[in-house]
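Peer 1: Structure of the sequence below:
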Amino acid sequence: MRWLALILALVLAPPALAAAERTVAPGQGDLARAIATAAPGDVLILGDGAYRGPVTIDRPLTLRGSRDAVIDGGGSGTVVTITAPDVTLSGFSVTGSGHANEELDAGVKILKGADRVRVENLLLTGNMHGIDVHGGRDAKVVGNEIIGTRNPRMNERGNGIYVWDSPGTLLEGNTIRYGRDGIFSNTSADSIYRGNVMRDLRFAVHFMYTRNTEISGNVSIGNHLGFAIMFSDRAVIRDNLSLGDREHGLMLNYANNADVTGNLIRGGAKKCLFIYNAHKNLIWNNRFEGCGIGLHFTAGSERNVLTGNAFIGNREQVKYVGTRNMEWSHEGRGNFWSDHPAFDLNGDGIADSRYRPNDLMDQILWSQPAAALLTGSPAVQLVRWSQQSFPATLPGGVQDSAPLMRPLTIPVPPAILPLEAEVAGRWTKGRFDDIDPQNLASH
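Peer 2: Residues are numbered from 1 along each chain as shown. Predicted coordinates for the structure are as follows:
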């Protein structure tokens, strides 16, 4: 009898309401009304044309349209605010946010409680911040094109994607141009940022107090600074490109326990890699090429491992500010140094002589730049010959006891090469905006 009662209950129960798919025509207030009358799970198809914002999505919905369907905020506040979980935005355009940085005006804002939101293939232009993931968990921001503002003062622009306290965020395949920072991750954790292309910005990727987050396969082209990892822990920085950036390709500033591998930095940055008060980082199999300084290492950074890297054609391979002796090889494998004239008589790929990038003359040249005029003089050459002949006269510094004979190669995808060529020589023409990345307080 119990089974019969259950079967009858199932047969007589009203059918569950299926999610509806509705077409929304452009017009004054039509989109806001469509959202207000939609049932959770509905799909709203935006026809081509202009939709007046701002709008708030307060229930699980999908909004889908072509790039010719444009939600315009009219220059006030955030254009699309999401407060509900399981919302998807796909395909259309968003423009016209306000420009109040203190309010974090944005094209799309994902608030706390709006978990599992997906924002894909949107075109976002003319907004203060493109997408602000502001507390929502497990957001997916994929394949969007974000073109930021071009205020003459770079620090007064917004970020392409801003992630704040939003664990589990995936940022993948986005293209970001203009604005302040491409991706700014603040007080967040456990996320993946991969395959994004960022151009003409202050920082391509900027971490502050970010933990256990992967940055992989991203491309930074012609920015003031490529990848700035600051006050952060356990970052994975893998297979990224910094091409034609101005100040640093990669900066580890108060960054600890990072795994840095497979990255290529080239194209004339002042410093390929800047390590400042950063500890216990594994830096391996990267290529640092054509910078003013290959590696600037300072502020008491300790217990870092450098192995398998290639330092090629940098005007100064290493600038080490300190008095301790540092060994930059690991388990019998060091790094490749293009200025190291060495032999490998047994053919094991390891040079027969150790490499020391720092000597007494280097320290004099760093403290007294005018002394560079004497670099080729017989007196300077005599000092350097004496130090090589009598190693006890060498100051504390860096040595690589197992330098490599051949450098690793890291290819650049063919589609990226024209973009790299476009910015070649940019920083010799005085395009500096108002930012001074050396002043870390300016971030």
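Peer 1: Ramachandran coordinates for the closest residue to Glu156 other than its chain neighbours?
Peer 2: Nearest residue to Glu156, sequence neighbours excluded (C-beta to C-beta, 6 or more residues apart in numbering): Asn101, at 6.8 Å. C-betas here are computed from N, CA, C, even on glycine. The phi/psi pair for Asn101 (degrees, to the nearest 10) reads phi -60, psi -40.
Peer 1: give me every residue that touches Asn101.
Peer 2: Taking C-beta atoms under 8 Å, 6 or more residues apart in numbering, we find Asn101 in contact with Met128, Glu156, Gly158.
Peer 1: Quick check on the second one: phi, psi?
Peer 2: Geometry field for Glu156 lists phi and psi as phi -100, psi 10, criterion degrees, to the nearest 10.
Peer 1: any idea how far it is from Leu44?
Peer 2: Distance from Glu156 to Leu44, counting by C-beta to C-beta, to the nearest Å: 35 Å.
Peer 1: More neighbours: these two, which one.
Peer 2: Taking other C-beta atoms under 10 Å, Glu156 and Leu44 do not tie; Leu44 has more neighbours (19 against 13).
Peer 1: isn't that one right up against Thr62?
Peer 2: Yes. When contacts are counted by C-beta atoms under 8 Å, Leu44 is listed as touching Thr62 (6.9 Å).
Peer 1: Let's see the pLDDT reported for the residue most central in space within the chain.
Peer 2: Closest residue to the average C-alpha location of the chain: Val205 at 2.5 Å, with C-alpha atoms, centre = their mean. Per-residue confidence (pLDDT) for Val205: 98.
Peer 1: Before we go further, it is sitting in a strand, right?
Peer 2: Yes. Under DSSP: H, G, I helix; E, B strand; the rest coil, Val205 sits within a strand.
Peer 1: ok, it to Val43 distance?
Peer 2: Distance, Val205 to Val43, by C-beta to C-beta: 34 Å.
Peer 1: ok, back up a step: now for the residue nearest to the centre of the chain: which residues touch it?
Peer 2: By C-beta under 8 Å, 6+ apart, the contact list for Val205 reads 181-183, 185, 193, 198, 215, 218, 220, 226-229.
Peer 1: can you check Asn285 too?
Peer 2: Asn285 makes contacts with Thr261, Gly262, Thr307, Gly308, Asn309, Leu408, as judged by C-beta under 8 Å, 6+ apart.
Peer 1: Let me know whether the fifth one touches Glu289 as I believe.
Peer 2: What that stands for is Asn309. No. The pair Asn309 / Glu289 is not scored as a contact, 10.7 Å apart, by C-beta under 8 Å.
Peer 1: Mind checking which of those two has more residues around it?
Peer 2: Asn309 (28 against 22).
Peer 1: Out of the contacts of Val205, which sit inside strands?
Peer 2: Asp181, Gly182, Ile183, Ser185, Tyr193, Met198, Ile215, Ser220, Gly226, Phe227, Ala228, Ile229 (DSSP state E).
Peer 1: Retrieve the pLDDT associated with the first one.
Peer 2: At Asp181 the predicted local confidence, pLDDT, stands at 98.
Peer 1: Then the fifth one?
Peer 2: Model confidence at Tyr193, expressed as pLDDT, equals 98.
Peer 1: That one contacts Ser220, doesn't it?
Peer 2: No. Tyr193 lies out of contact with Ser220 (C-beta under 8 Å); the separation is 11.9 Å.
Peer 1: Just name the shakiest helix or strand of this protein by mean pLDDT.
Peer 2: helix 2-12 (a mean of 51; mean pLDDT, DSSP states H and E).
Peer 1: Name the SS class of Lys319, please.
Peer 2: Lys319 ends up strand, using three-state DSSP.
Peer 1: Tell me the bridge partners for it.
Peer 2: Beta bridges link Lys319 to His296 when assigned by DSSP bridges.
Peer 1: my guess is it meets Ile293, correct?
Peer 2: Yes. Between Lys319 and Ile293 there is a contact at 5.0 Å, judged by C-beta under 8 Å.
Peer 1: Where does the closest residue to Ser76 other than its chain neighbours fall, secondary structure wise?
Peer 2: Leaving aside its sequence neighbours, Ser76 sits nearest to Gly98 (C-beta to C-beta, 6+ apart; 4.9 Å). Per DSSP states H and E: Gly98 is located in neither a helix nor a strand.
Peer 1: Distance check, Gly98 against Ser338.
Peer 2: Gly98 is 51 Å from Ser338, by C-beta to C-beta.
Peer 1: Repeat that for Ile215.
Peer 2: Look at Ile215 and Ser338: by C-beta to C-beta, they are 27 Å apart.
Peer 1: who's in contact with the residue nearest to Ser76?
Peer 2: Counted by C-beta under 8 Å, 6+ apart, Gly98 has contacts Gly73, Gly75, Ser76, Gly77, Thr78, Asp105, Met128.
Peer 1: Drop anything exposed from those residues.
Peer 2: Gly73, Gly77, Thr78, Asp105, Met128 (16 or more other C-beta atoms under 10 Å).
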